[in-house]
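Undergrad: predicted coordinates and the sequence they were generated for:
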Amino acid sequence: MSSYNHKAIESKWRAYWEETQAHTVAMDPAKPKFYCLDMFPYPSGAGLHVGHWRGYVLSDVWSRYKKLQGYNVLHPMGWDAFGLPAENDAIKIGIHPKISTADNVATFKRQLHEIGAMYDWAREVNTTDPDYYKWTQWIFLQMYKRGLAYRNEMPINFCPSCQTGLANEEVVQGACERCGTPVEKRNLMQWMLKITEYADRLLDGLKTLDWPEKVIKMQESWIGRSEGAEVSFAIDGKDDQITVFTTRPDTLFGATYMVLAPEHELVAKITTSEHAARVEQYVKQAMTKSSVERMASKEKTGVFTGAYGINPVNGKRIPIWASDYVLIDYGSGAIMAVPAHDERDYEFAMKFDLPIVPVIAETDGTVPELPFVISGILINSGPFNGMDSEKAKQAITEQLERNGLGKASVQYKMRDWVFSRQRYWGEPIPIIHCPKCGEVPVPEEQLPVALPDVENYAPTGTGESPLTAITDWVNTACPECNGPAKRETNTMPQWAGSCWYFLRYADPDNDKALAASEKLKYWLPVDLYVGGIEHAVLHLLYSRFYIKFLYDIGVVDFEEPFTRLFNQGMVTKDGAKMSKSKGNVVNPDELVEHYGADSLRIYELFIGPPEVDSEWMDNGIEGVYRFIQRVWNLVVRSLKDMPEPVLASEKMRHRLIATVAERIESFKLNTVVSAFMEYINQVGSTLDRKSLETLVILLAPLAPHLAEELWQMLGNEPSVFDAKWPEVDPEMLVVEKVVVAVQVNGKTRGTVEVAVDAPEQDVMSAAAKITSVINAVSGKAIVKTIYVPGKILNLVVR
RNA sequence: GCCGGGGUGGCGGAAUAGGUAGACGCUACGGACUUAAAAUCCGUUGGGCGUUUCGCCCGUGCGGGUUCGAUUCCCGCCUCCGGCACCA
């Protein structure tokens, strides 16, 4: 008997797919499309490990499943190849990032081929290819022209190790998301993208998406919409006024002091001479604190300015303080403090002995323990006494509005996107600075602004990119006046290229547009997007923003790029994420060599629920390998001695079709594998042709090479993927006999096998023969019986 | 602190519109085959107990509750992981 030889089989079918261009797809309006996308990788030098495989296998199973169901499946792959590691290598060992990137791409591509996925490599994209980043720059110019890209000097997060500015999204607990170095605040002239203009649409769009709840929540809280009111407080004895944002206008009568952020421009203006020295010192100190330090100590600090504000509803004079617990970049950088109903204000008031006036009582009217931060009924609030918090929010806001002292307002936690990086290996921002004309966008026909070669890649650390030193690149002519001008030397963040790459796959070679609109119309949006949870608010939020913008300018006809999102779990080893430094990386290459790609593919699925982190077990793949051999041997034996189909095997066959489809649809891929294993354990030593063919088709998404080979062995023309996904005959799923559990007082005492629709009496009489049941019932009276046909018979005895 | 998701055998994990807990696989043990080993195949494998082809008790993080019946629902804890973190 010929035995299973994974090497021969897998290389044979790899070659076959290549020759027949089996994975090359084209637009076909006659067929429904399915766009199944992997988050394209950054090609690092370390290569792929079994954790990377997981998501790629998952998306390939879906792609192949959809293909068998008759869809025209787009399943592309490419490279997110701009980024710091290549640049840091260049600094260290002097190899041009272009070269190291190309090397890494070659390694990755070879490893990805091992998976045997149905990638259409003719559509490969690479973000560092000038023909690609031409369009990344083009999108930037469109944003610039519509005022969504602007330059601003402001304090931004700066990573001293990466020596570049960072977006808020790239700062994790005060540290650089990439390297973990605590970030500093630096005042730099930065390019910004006005993502805040899309805040509400980004929020509303989430409702339409079939995404994991967790990611939706993360984006919601990142956008951080809060509704409230802006309230203006006059400053006693001055013409200036302070505007604050509050979500609790209902507590306005309880505002007993105000606080300005230390950086607030009014601080210096309103501070009285006798407080000036102390205030100056405090402000200086607060501004030199790093954000990490500022977060580390929750101990309230602050200083009185000597000035007073006037509470617009009751005319009370309240002191104005400066404190770093108020953030300059949220709301107006100033607050009204209501210590009775806000924990932070309460703490501050206690420390500095400021008055605390409760204005909200429990719904039953009792004055609660302070601080009382939830809603209730208004007290000490003049005409609003007795009113419910929620109503009072509106009523007080309306009164302020009538008097011109305030208005309803919405604030967001999300800030505009810091978009410039002071690094080399990124897309140059296509802007020219002319001493006469100012900022001038590079004319579209001059795109791409190609990245020049440099001698020294090291960042300057002064907030300037290494490109600054390439004088013959920097010095250029102004597109408007033709006079001498300089190129913008900042580059774009890595996210720029990944915001729209999935559009390019639809039409990767187009040099007239980022993609032809009929192709975008056919292939997009992405039906299933598979990748790690780490991009929950970065890439996925930025992409959504880009697509909404491209929708607004008529490039695409949809507003959300990724209809369905699936986040695969990590593969851990010894309880930890795989990494070179921990030395716990499991290399797929050796496993493919030993067990074959099909075994590894199936083990990647079998390891656990795909959305959950799973521990890698070296022995686990053995079981899968044995399973594959059992399938192989079953086919080989059956070919020698093919039985005729019988009812029992027909029923099992239909049951398998139904189970596999249902479990693939619900992403229970680990249980799809066990369904196959159970099936193989159940069927005899041989099977009829129809059952075998069905088994092979169902198995094809998981183990494509094996399926092709078996399909051919069974006498069919390749490819198995031209076959149709088998249909289920619902009649065949009907079961006649079932095992019913017999319980006494809810405790299972035995089982009886009866007809599915057996009347209660039949089950009862069968149950009465079970020793364990007799024991439990003897000497007691049956007071009640509960019979759930096909499930349980429960005898309640006393 | 706030928000979200988990805790099931020696291990990875099945099973939740409430209905036989531990499917499937790994490990381990026993057996068959073999000169022997590997591979393969067949058994056993949650814990405890007994009168051991059978029966009893306990068992899904802990403590309560609802129910004929709870891994599943409710209340209160413990604990682990992830996100946010002075956002007014």
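TA: Structure received.
Undergrad: spell out which parts of the stretch 451-600 of chain A neighbour RNA strand B.
TA: A:533, A:537 (CB under 7 Å from any atom of the strand). Quick note: C-beta positions are derived from backbone N, CA and C, even for glycine.
Undergrad: the residue in the stretch 551-700 of chain A that RNA strand B sits nearest to: which element?
TA: Per CB to the nearest atom of the strand, residue A:623 is where the stretch 551-700 of chain A lies closest to RNA strand B, at 2.4 Å. Assessed by DSSP states H and E, residue A:623 sits inside helix A:620-640.
Undergrad: same question for that helix, mean pLDDT?
TA: Averaging pLDDT along helix A:620-640 gives 93.
Undergrad: what are the buried residues along it?
TA: Neighbour counts over helix A:620-640 (16 or more other CB atoms under 10 Å) mark A:620-621, A:624-625, A:627-628, A:631-636, A:638-639 as buried.
Undergrad: go on, stretch A:184-194?
TA: By neighbour count on 16+ other CB under 10 Å, the buried set for stretch A:184-194 is A:185, A:188, A:190-194.
Undergrad: any residue of that stretch touching RNA strand B?
TA: No - using CB under 7 Å from any atom of the strand, we find that stretch A:184-194 stays clear of RNA strand B, coming within 12.7 Å at best.
Undergrad: and what of stretch A:6-25?
TA: No - shown here: stretch A:6-25 not in contact with RNA strand B (CB under 7 Å from any atom of the strand), separated by at least 13.5 Å.
Undergrad: returning to that earlier point: where's the dip in pLDDT among the buried residues of stretch A:184-194?
TA: Least confident entry in these, by pLDDT: residue A:185, with 81.
Undergrad: tell me the bridge partners for that residue.
TA: Under DSSP bridges, the beta-bridge partners of residue A:185 are residue A:157.
Undergrad: that one and RNA strand B: what is the separation?
TA: Taking CB to the nearest atom of the strand, to the nearest Å as the measure, residue A:185 falls 13 Å from RNA strand B.
Undergrad: one more: residue A:125?
TA: Taken as CB to the nearest atom of the strand, the span from residue A:125 to RNA strand B is 28 Å.
Undergrad: cool, residue A:5 as well?
TA: Distance, residue A:5 to RNA strand B, using CB to the nearest atom of the strand: 13 Å.
Undergrad: tally of neighbours for that residue?
TA: Residues within reach of residue A:5, counting by other CB atoms under 10 Å, total 12.
Undergrad: and it, what pLDDT?
TA: For residue A:5, the model assigns a pLDDT of 92.
Undergrad: strands along the stretch 401-550 of chain A, start to end?
TA: All strands of the stretch 401-550 of chain A, identified by DSSP state E, counting those that start in this stretch, fall at A:406-412, A:417-418, A:431-434, A:438-441, A:475-477, A:484-487, A:528-531.
Undergrad: by mean pLDDT, which helix or strand of chain A comes out lowest?
TA: Least confident helix or strand of chain A, by mean pLDDT, DSSP states H and E, is helix A:291-296 with a mean of 63.
Undergrad: what's the following helix or strand after that helix?
TA: According to DSSP H and E, the helix or strand after helix A:291-296 is strand A:303-310.
Undergrad: quick one: low-confidence parts of chain A?
TA: Applying pLDDT under 70 to chain A flags residues A:1, A:290-297, A:461.
Undergrad: let's see it at 50
TA: A:1 (pLDDT under 50).
Undergrad: get me the contact residues on the stretch 151-300 of chain A for RNA strand B.
TA: Residues of the stretch 151-300 of chain A lying near RNA strand B (CB under 7 Å from any atom of the strand): A:172-173, A:213-214, A:217-218, A:221-222, A:224, A:226, A:228, A:245-248, A:261, A:294-295, A:297-298, A:300.
Undergrad: buried ones only from these, please, as a PyMOL command.
TA: To isolate the buried subset of these in PyMOL, counting by 16+ other CB under 10 Å, use the following:
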select buried, chain A and resi 218+222+228+245+246+248+261+300
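Undergrad: of the residues of the stretch 151-300 of chain A next to RNA strand B, which belong to strands?
TA: A:172, A:226, A:228, A:245-246 (DSSP state E).
Undergrad: what's the closest of the residues you listed to residue A:421?
TA: residue A:172 (17.5 Å; CB to CB).
Undergrad: can I get the strands of the stretch 401-550 of chain A in CSV with mean neighbour count?
TA: Shown next, in CSV, are the strands of the stretch 401-550 of chain A (neighbours: other CB atoms under 10 Å):
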stretch, mean neighbour count
strand A:406-412, 18
strand A:417-418, 23
strand A:431-434, 20
strand A:438-441, 15
strand A:475-477, 13
strand A:484-487, 18
strand A:528-531, 24
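Undergrad: out of the ones you listed, flag the one nearest residue A:204.
TA: So among those, strand A:406-412 is nearest, using CB to CB, at 13.0 Å.
Undergrad: pairing partners for that closest one, with directions?
TA: Next to strand A:406-412 in the sheet, as set by DSSP bridges, lie strand A:225-235 (antiparallel).
Undergrad: got the contact list for the partner strand?
TA: A:199-200, A:203, A:241-249, A:252, A:258, A:266, A:270, A:307-312, A:318, A:320, A:332, A:336, A:393, A:396-397, A:400, A:405-413 (CB atoms under 8 Å, 6 or more residues apart in numbering).
Undergrad: residue contacts, the nearest residue to residue A:473 once chain neighbours are set aside?
TA: Leaving aside its sequence neighbours, residue A:473 sits nearest to residue A:452 (CB to CB, 6 or more residues apart in numbering; 4.1 Å). Taking CB under 8 Å, 6+ apart, we find residue A:452 in contact with A:467, A:470, A:473.
Undergrad: show me the residues you listed that map onto helices.
TA: Residues from the contacts of residue A:452 lying in helices, with DSSP state H as the criterion: residue A:473.
Undergrad: dump the contacts of residue A:452 into a markdown table; add neighbour count as well.
TA: Formatted as a markdown table, the contacts of residue A:452 follow (neighbours: other CB under 10 Å):
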| residue | neighbour count |
| --- | --- |
| A:467 | 23 |
| A:470 | 19 |
| A:473 | 19 |
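Undergrad: sec struct for residue A:165, please.
TA: Secondary structure for residue A:165, judged by DSSP: H, G, I helix; E, B strand; the rest coil, is strand.
Undergrad: distance of it from RNA strand B?
TA: Distance from residue A:165 to RNA strand B, counting by CB to the nearest atom of the strand: 17 Å.
Undergrad: surely that residue touches residue A:420?
TA: Yes - when contacts are counted by CB atoms under 8 Å, residue A:165 is listed as touching residue A:420 (6.4 Å).
Undergrad: need the overlap of contacts for the two.
TA: Here residue A:165 and residue A:420 share the contacting residues residue A:190, scored by CB under 8 Å, 6+ apart.
Undergrad: the more surrounded of the two?
TA: residue A:420 (27 against 24).
Undergrad: CA atoms only for stretch A:256-266, dumped as PDB, please.
TA: Provided in PDB are the C-alpha atoms of stretch A:256-266 (Å, rounded to 0.1, in the frame of the first residue of the first chain):
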ATOM      1  CA  THR A 256     -16.600  76.700  44.000                       C
ATOM      2  CA  TYR A 257     -13.300  77.300  42.200                       C
ATOM      3  CA  MET A 258     -11.800  77.100  38.800                       C
ATOM      4  CA  VAL A 259      -8.600  75.600  37.500                       C
ATOM      5  CA  LEU A 260      -6.500  76.400  34.500                       C
ATOM      6  CA  ALA A 261      -3.900  74.100  33.000                       C
ATOM      7  CA  PRO A 262      -0.400  75.400  33.800                       C
ATOM      8  CA  GLU A 263       0.200  76.000  30.000                       C
ATOM      9  CA  HIS A 264      -3.000  78.000  29.700                       C
ATOM     10  CA  GLU A 265      -2.400  81.400  28.100                       C
ATOM     11  CA  LEU A 266      -4.500  83.200  30.700                       C
END
